[in-house]
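>>> need the 3D shape of this:
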Amino acid sequence: MPARMPGVSAPDPFRRQLLEALPRLRRYARTLDFDSHATDDLVQTTIERALTHWHQFDQRRDMRVWLLSIAHNAHLDRLRRDRRLAIVDPAQLAESAVAAEGSFGADPGVQTALRMDLLTALARLSPPHREVLLLAGVEQLSYAECAEVLGVPQGTVMSRLSRARAEMRAALDGNRPGPNAQPGLRRVV
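Next up is the predicted model:
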């Protein structure tokens, strides 16, 4: 990590933009790990890296895209360092969704079941598919912005997004396609 220059800190406008972006950054980090402690660590690492490298931020860029890129890279760094993939147990995920539901005071019926189904289906997606689906669907980034965050070509983003949506539809319909499942061929007459 480069040494910080003494007496030089990020300017106030940069810090304000950083604070405004925190809720989205936290939401994205939470979907990468599904673990509150890992989420907190990832957000902290992202903020530390952003503040350390604030002078590299181009004001013409969107702060949100820059921070999500840092978070994505920090997450990949941690996965590489751990040399293992975190396995999310859908039953444990469903239990945490039910526990969180009580704090919102929502109807425990249909909404809870839908959230559990969505979280379980999301947890079953491969990390590349989950990341692009969340960036495009939840964070509402364009294909180009998703490509910038993930460091992949725009065509790869579109392909992963298409596959992720198909897998989510299949999972929510009760079907679970395999990792290399291809849509069936249809004969058009």
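
>>> so which helix or strand takes in the residue nearest the centre of the chain?
The geometric centre of the chain, computed from its C-alpha atoms, lies nearest to residue 28 (C-alpha atoms, centre = their mean), at 3.9 Å. Secondary structure from DSSP states H and E places residue 28 in helix 12-33.

>>> tell me which residues of that helix are tucked away?
14, 17-18, 21, 24-26, 28-33 (16 or more other C-beta atoms under 10 Å). All C-beta spots, glycine's among them, are computed from the backbone N, C-alpha and C.

>>> so for the residue nearest to the centre of the chain, what's the pLDDT?
Residue 28 is assigned a pLDDT of 89 by the prediction.

>>> give the contact list for it.
With contacts taken as C-beta atoms under 8 Å, 6 or more residues apart in numbering, residue 28 has the following neighbours: 68, 71, 134, 135, 138, 139.

>>> cool, residue 171 as well?
With C-beta under 8 Å, 6+ apart as the criterion, the residues that contact residue 171 are 117, 120, 121, 124.

>>> just the buried ones from the contacts of residue 28, in ChimeraX syntax?
Here is the ChimeraX selection string for the buried members of the contacts of residue 28, based on 16+ other C-beta under 10 Å:
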select :68,71,134,135,139
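
>>> now the two most distant members of the contacts of residue 28.
Farthest apart among the contacts of residue 28 by C-beta to C-beta are 71 and 138. That separation is 13.6 Å.

>>> can you find the helix or strand of the protein with the lowest average pLDDT?
Ranking every helix and strand in the chain by mean pLDDT, DSSP states H and E puts helix 90-104 at the bottom, with a mean of 55.

>>> any idea which helix or strand comes after it?
Sequence-wise, the next helix or strand downstream of helix 90-104 (DSSP H and E) is helix 110-124.

>>> quick one: mean pLDDT for that following helix?
In this model, helix 110-124 carries a mean pLDDT of 79.

>>> buried sites along that helix?
The neighbour-count check on helix 110-124 (16+ other C-beta under 10 Å) flags 112, 115, 116, 117, 119, 120, 121, 122, 123, 124 as buried.

>>> again with stretch 126-138
Burial within stretch 126-138, assessed by neighbour count using 16+ other C-beta under 10 Å, is assigned to 129, 130, 131, 132, 133, 134, 135, 136.

>>> chain neighbours aside, what residue packs nearest to residue 131?
Nearest-residue entry for residue 131: residue 150, 6.4 Å, with adjacent residues in sequence omitted and distances by C-beta to C-beta, 6 or more residues apart in numbering.

>>> likewise for residue 141?
Here the residue nearest residue 141, using C-beta to C-beta, 6+ apart, is residue 135, at 4.8 Å.
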